[in-house]
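A.B. asks: My questions are about this predicted structure, shown below with the sequence.
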Amino acid sequence: MQQQFEVENIKCGGCVNSITTALLKIAGVTAVEIDKDNDTVLVTGAVKRERITDKLNELGYPEKGGNTLMRKAKSYVNCAIGRMTAHHDK
């Protein structure tokens, strides 16, 4: 089953890396595809939608219209972590 989410705060590859890494750790998620130009996250697997949205919110990437200053701040932190992890993995 595939579910698509339109999210806020995706700025770069670091964001993509952080989101992908976190969502793939959720039991039942088998694939994650992110289109940062269109701010969409496509998740494949047998997982309740609320589980994905909860994790996206926790990371600072809420669905469109659900942004807050705190979520925006979290996205910057996760973006930086994602950039460091991506750079370290190379």
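C.D. replies: Ah, there it is.
A.B. asks: Just to check, residue 61 is in contact with residue 20?
C.D. replies: No: using CB atoms under 8 Å, residue 61 is not in contact with residue 20, being 11.2 Å away. Heads up, the C-betas are built off the backbone N, CA and C, glycines and all.
A.B. asks: which of the two has more neighbours?
C.D. replies: Neighbour totals were compared for residue 61 and residue 20, and residue 61 leads with 30 against 18 (other CB atoms under 10 Å).
A.B. asks: ok so that one is a strand residue?
C.D. replies: No: assignment of residue 61 by DSSP: H, G, I helix; E, B strand; the rest coil gives coil, placing it outside any strand.
A.B. asks: got the contact list for it?
C.D. replies: Residue 61 makes contact with 7-10, 15, 19, 41, 71, 75, 78, according to CB atoms under 8 Å, 6 or more residues apart in numbering.
A.B. asks: Which strand or helix spans residue 42?
C.D. replies: Assigned by DSSP states H and E, residue 42 falls within strand 40-45.
A.B. asks: Return the set of buried residues in that strand.
C.D. replies: Using 16 or more other CB atoms under 10 Å as the test for burial, strand 40-45 gives 41, 43, 45.
A.B. asks: Which of the contacts of residue 61 fall in strands?
C.D. replies: Judged by DSSP state E, strands contain the following of those: residue 41.
A.B. asks: Return the item of the contacts of residue 61 having minimum pLDDT.
C.D. replies: The lowest pLDDT within these belongs to residue 78, with 83.
A.B. asks: Contact partners for that one?
C.D. replies: Residues in contact with residue 78 (CB under 8 Å, 6+ apart) are 14-15, 18-19, 22, 59-61.
A.B. asks: hmm, try it at 7 Å
C.D. replies: Residue 78 makes contact with 15, 18, 59-60 under the criterion CB atoms under 7 Å, 6 or more residues apart in numbering.
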